[in-house]
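**Student:** Prediction below, plus the sequence it came from.
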Amino acid sequence: MRQWFISLAFAALCSIGWWFALLPPREVQAASPIPVFAYYYIWYDPTSWNRAKSDYPLLGRYSSDDRAVMQQHIQWAKQVGITGFIVSWKSTPTLNRRLEQLADLAESEEFHLAIIYQGLDFERRPLPAERVASDLAAFCERWSGRNVFNNLYGKPLIIWSGTWEFTVDEVRLVRKRIGNCALLLASERNVTGYERLATLVDGNAYYWSSVDPESYPDYLGKLRALSDAVHAHGGLWIAPAAPGFDARLIGGTRVVDRKDGETLQRQLAAAFASAPDAIGLISWNEFSENTHIEPSLQYGDQALRVLASVLGTSPPTLPELGSEPLAPTGPSYGLPLLGLAATLVLGSIVFLVLRIHRVTTHPGNRADASPTISFDRSHLGEP
């Protein structure tokens, strides 16, 4: 009798094992309902707005050091149904300081954060793999224990931007360095690229900011193919959705019209139809590529109203505005700006008086040509 029981138990265990073997290898537990993240940039200084911008925030030309601006962003995002921000980051003193501040504010608002690590430099060249490994190891040491990063998936989620520029050995080096302290997602743009790294990463997040649903053949098919490939390896799939695109001021040529919110609505529909584990909205505040959904002078809260209608929430109530943005919230902006304006006016008057005097006394002289002004790209805050 005992031998019969043991044989029966063994057969049952084998059957259970066989049944589990048929299940898809979902190693990463997805959250439910589907989280909606927005890519968020903390690279802004007041001077950042002087370069390559055709639209500006309703909150003014802010600095990413401004706590009040960060808090307002979080509150607007939460109200419209956004789960958290995917924060653009690499380890620098400035970005570390700003990420720490954002983490404090997000934690107090019960808002989630993830990271997109900027693996390419300003010229779109890959950073040394050792630098990537060192930065991500430092992130794990400093922030992996904070609830704001690990409440959703049990550990921080890190997207590695630009993985297509790194070799398999370089990705393996980084993976080995950080171990299992975080979920590490690739940012590959097609199935072939993802399959190359599938055994080393925990999923894929496609930052497809410039797609035009009107003109791209089988747009949804491409998203579904990536989703299927990622899920076949048990990974997380973060599907992209953007309101439009225009990067002409930074050298691009492609323009995707917002069509009064229709573009965002169509892209959200496609993203949700691709069986995502999360949505990655591109973006909260990338103003150089004009993918921002943050309330702005040109578009107001159009994108947030579309998002609210899709998610079944309410858009935030914004103040009535004319053609000017809200005053910057930082305590030190007002007086310096007034002083600068007064200095410019006074300087212009002095210059005009001297010029009249010069022309009167030296009628043959002509003004010198204006000097050529050039930008040193390495000094810009945006990577």
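**Tutor:** Perfect, I can see it now.
**Student:** Every contact and neighbour count from this point should use C-alpha atoms.
**Tutor:** Noted.
**Student:** all helices of the stretch 1-150 of the chain, in order?
**Tutor:** Shown for the stretch 1-150 of the chain, the helices assigned by DSSP state H, counting those that start in this stretch span residues 2-22, 67-80, 93-108, 129-143, 147-150.
**Student:** the inter-axis angle of the fourth one versus helix 93-108?
**Tutor:** Here helix 129-143 runs at an angle of 40 degrees relative to helix 93-108 (axes from the mean of the first three to the mean of the last three Cα atoms, to 10 degrees).
**Student:** Show me which positions of helix 129-143 end up buried.
**Tutor:** Residues of helix 129-143 classed as buried by neighbour count (16 or more other Cα atoms under 10 Å): 129, 132-137, 139-140, 143.
**Student:** got CSV for the residues you listed, with distance to residue 254 and pLDDT too?
**Tutor:** Shown next, in CSV, are the buried residues of helix 129-143 (distance: Cα to Cα, whole Å; pLDDT from 0 to 100):
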residue, distance to residue 254, pLDDT
129, 31, 99
132, 30, 99
133, 34, 99
134, 35, 99
135, 33, 99
136, 33, 99
137, 37, 99
139, 35, 99
140, 37, 98
143, 38, 98
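**Student:** how deep is the residue nearest to residue 270 when sequence neighbours are not counted tucked in, by neighbour count?
**Tutor:** Using Cα to Cα, 6 or more residues apart in numbering and skipping residues adjacent in sequence, the residue nearest residue 270 is residue 220, 5.7 Å away. For residue 220, the neighbour count with other Cα atoms under 10 Å is 17.
**Student:** Which residues are in contact with residue 220?
**Tutor:** Residue 220 sits next to 270-271, 273-274 when contact means Cα atoms under 8 Å, 6 or more residues apart in numbering.
**Student:** Columns pLDDT on top of these, output as JSON lines?
**Tutor:** Listed next are these as JSON lines, based on pLDDT from 0 to 100:
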{"residue": "270", "pLDDT": "98"}
{"residue": "271", "pLDDT": "98"}
{"residue": "273", "pLDDT": "98"}
{"residue": "274", "pLDDT": "99"}
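**Student:** List buried residues within the residues you listed.
**Tutor:** 270-271, 274.
**Student:** Following the chain past whichever strand or helix holds residue 229, name the next helix or strand.
**Tutor:** Here residue 229, judged by DSSP states H and E, is contained in helix 219-232. Going down the chain from helix 219-232, the next helix or strand is strand 236-241, by DSSP H and E.
**Student:** Which is the succeeding secondary structure element to that next one?
**Tutor:** strand 245-246.
**Student:** Partner strands of that following strand, with direction?
**Tutor:** strand 255-256 (antiparallel) (DSSP bridges).
**Student:** For the strand it pairs with, the averaged confidence score.
**Tutor:** The average pLDDT within strand 255-256 is 98.
**Student:** what residues does it touch?
**Tutor:** Against strand 255-256 from outside (Cα under 8 Å, 6+ apart): 210-212, 244-248.
**Student:** change it to 7 Å
**Tutor:** 210, 212, 244-246 (Cα atoms under 7 Å, 6 or more residues apart in numbering).
**Student:** Most widely separated two among the residues you listed?
**Tutor:** In terms of Cα to Cα, the contacts of strand 255-256 reach their longest pairwise distance at 212 and 246, which sit 11.4 Å apart.
**Student:** could you say which helix or strand contains residue 200?
**Tutor:** Take DSSP H and E as the rule and residue 200 turns out to sit in neither a helix nor a strand.
**Student:** Reformat the buried ones among the contacts of residue 220 into JSON lines and put secondary structure and distance to residue 216 next to each item.
**Tutor:** Output for those, formatted as JSON lines (DSSP: H, G, I helix; E, B strand; the rest coil; distance: Cα to Cα, whole Å):
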{"residue": "270", "secondary structure": "helix", "distance to residue 216": "13"}
{"residue": "271", "secondary structure": "helix", "distance to residue 216": "15"}
{"residue": "274", "secondary structure": "coil", "distance to residue 216": "16"}
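**Student:** would you list these in CSV and tack on distance to residue 173?
**Tutor:** Listed next are these as CSV, based on distance: Cα to Cα, whole Å:
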residue, distance to residue 173
270, 35
271, 32
274, 31
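**Student:** tell me which of those is nearest to residue 83?
**Tutor:** For the buried ones among the contacts of residue 220, the nearest to residue 83 is residue 271 (15.9 Å; Cα to Cα).
**Student:** Quick check: buried residues in stretch 172-181?
**Tutor:** 172-175, 177-178, 181.
**Student:** picking up where we left off before, between the contacts of residue 220, which is nearest residue 125?
**Tutor:** Of the contacts of residue 220, the one sitting nearest to residue 125 (Cα to Cα) turns out to be residue 271, at 28.8 Å.
**Student:** nearest residue to residue 172 other than its sequence neighbours?
**Tutor:** residue 200 (6.4 Å).
**Student:** Tell me the confidence at residue 320?
**Tutor:** 70.
**Student:** Doesn't it lie inside a strand?
**Tutor:** No - using DSSP: H, G, I helix; E, B strand; the rest coil, the secondary structure at residue 320 is coil, not a strand.
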